[in-house]
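1. Need a 3D model of the sequence below.
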Amino acid sequence: MSAVSETIVREYFELHGFFVRQQRKYISPTRQEEDEIDFYVLNPAPDPKAHARPFLLGSSDLAGIARAVVVVKGWHTDTFTPSLLVNAPEVYRFIESPAFLPSVTRAFGTGTHLVKILVVPGLPSQDEARQQSITFLRERGLDAVLSFHTMLAELIQQIEVNRNYQKSDLLQIIRILKNYDFLKDPQLELFAPARRPRPRKPRAADTPSS
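-> Predicted coordinates for the structure are as follows:
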């Protein structure tokens, strides 16, 4: 998982008031540690009256989450279809890892209800395939999925051009892109091509006289 993907996830949860702890900052050569949790997130003021949480999370669904473990799969050119999930057990293997419960206990203590969140590029757009992916992940023990599209859209919307985000390279880049109109809030247009001016029709006064 690249540092960019990690940064997006961290900035997104911090934007919504969560405390974020990273599992580790080094790259392990062993498969066992690669299957562990990436982030522990804690909401210091969860909303007890929050509505029921859907499996595919939106930003408004975070208020009711008190504690969560987050695993990030930044495979940005992939859609998590049922066939991909069948052939990629590393997506959900962290739940089956012997290190899962001890690491959660060290982070949050015992007797704590956790939400297990998987961050992915996206699920299939077709309803039937999307539901199959959701069912597959639920059966493996996942509680929720959060997409990079949701996180980036929220970050772009919340960043203000007249603020200096010098403590975050990601937020500062978004601010600069918005300042130069490469990112627009309503359409979320990224690097939209400039419109070519239409050729001006000659007026009668411009027509050369014979």
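
2. What residues sit buried inside stretch 48-66?
-> By neighbour count on 16 or more other Cβ atoms under 10 Å, the buried set for stretch 48-66 is R53, F55, L56, L57, S59, D61, L62, A63, G64, I65, A66. Heads up, the C-betas are built off the backbone N, CA and C, glycines and all.

3. Report the contact partners of the fourth one.
-> For L57, the contacting residues are I117, A144, V145, L146, T150, taking Cβ atoms under 8 Å, 6 or more residues apart in numbering as the criterion.

4. tell me what the host helix or strand of the third one is packed against?
-> Which is V145. Using DSSP states H and E, V145 maps to strand 144-147. Secondary-structure packing of strand 144-147 (3 or more Cβ pairs under 8 Å, 6 or more residues apart in numbering; DSSP states H and E): strand 115-120.

5. Tell me if I134 really is in a helix.
-> Yes: note on I134: a helix contains this position according to DSSP: H, G, I helix; E, B strand; the rest coil.

6. If we only consider the contacts of L57, which is nearest to G74?
-> Nearest to G74, judged by Cβ to Cβ, of the contacts of L57 is L146 at 12.2 Å.

7. Quickly note the distance from the closest one to F39.
-> Distance, L146 to F39, using Cβ to Cβ, to the nearest Å: 11 Å.

8. Mutual contacts of the two, please.
-> Going by Cβ under 8 Å, 6+ apart, residues that sit against L146 and also against F39 are V70.

9. mind putting the contacts of L57 in CSV, neighbour count and distance to Q132 included?
-> Shown next, in CSV, are the contacts of L57 (neighbours: other Cβ atoms under 10 Å; distance: Cβ to Cβ, whole Å):
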residue, neighbour count, distance to Q132
I117, 24, 20
A144, 22, 17
V145, 21, 13
L146, 23, 19
T150, 18, 20
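
10. coming back round to it: now what about the strand holding V145, what contacts it?
-> For strand 144-147, using Cβ under 8 Å, 6+ apart, the contacting residues are 53-57, 61, 70, 80, 115-123, 134, 137.

11. Which residue ranges of the chain form strands?
-> In the chain, the segments counted as strands under DSSP state E are 19-22, 39-42, 67-72, 115-120, 144-147.

12. can you redo those strands as JSON lines with distance to A88 and mean pLDDT?
-> Formatted as JSON lines, the strands of the chain follow (distance: least, Cβ to Cβ, whole Å; pLDDT from 0 to 100):
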{"stretch": "strand 19-22", "distance to A88": "23", "mean pLDDT": "93"}
{"stretch": "strand 39-42", "distance to A88": "20", "mean pLDDT": "94"}
{"stretch": "strand 67-72", "distance to A88": "13", "mean pLDDT": "94"}
{"stretch": "strand 115-120", "distance to A88": "11", "mean pLDDT": "94"}
{"stretch": "strand 144-147", "distance to A88": "14", "mean pLDDT": "95"}
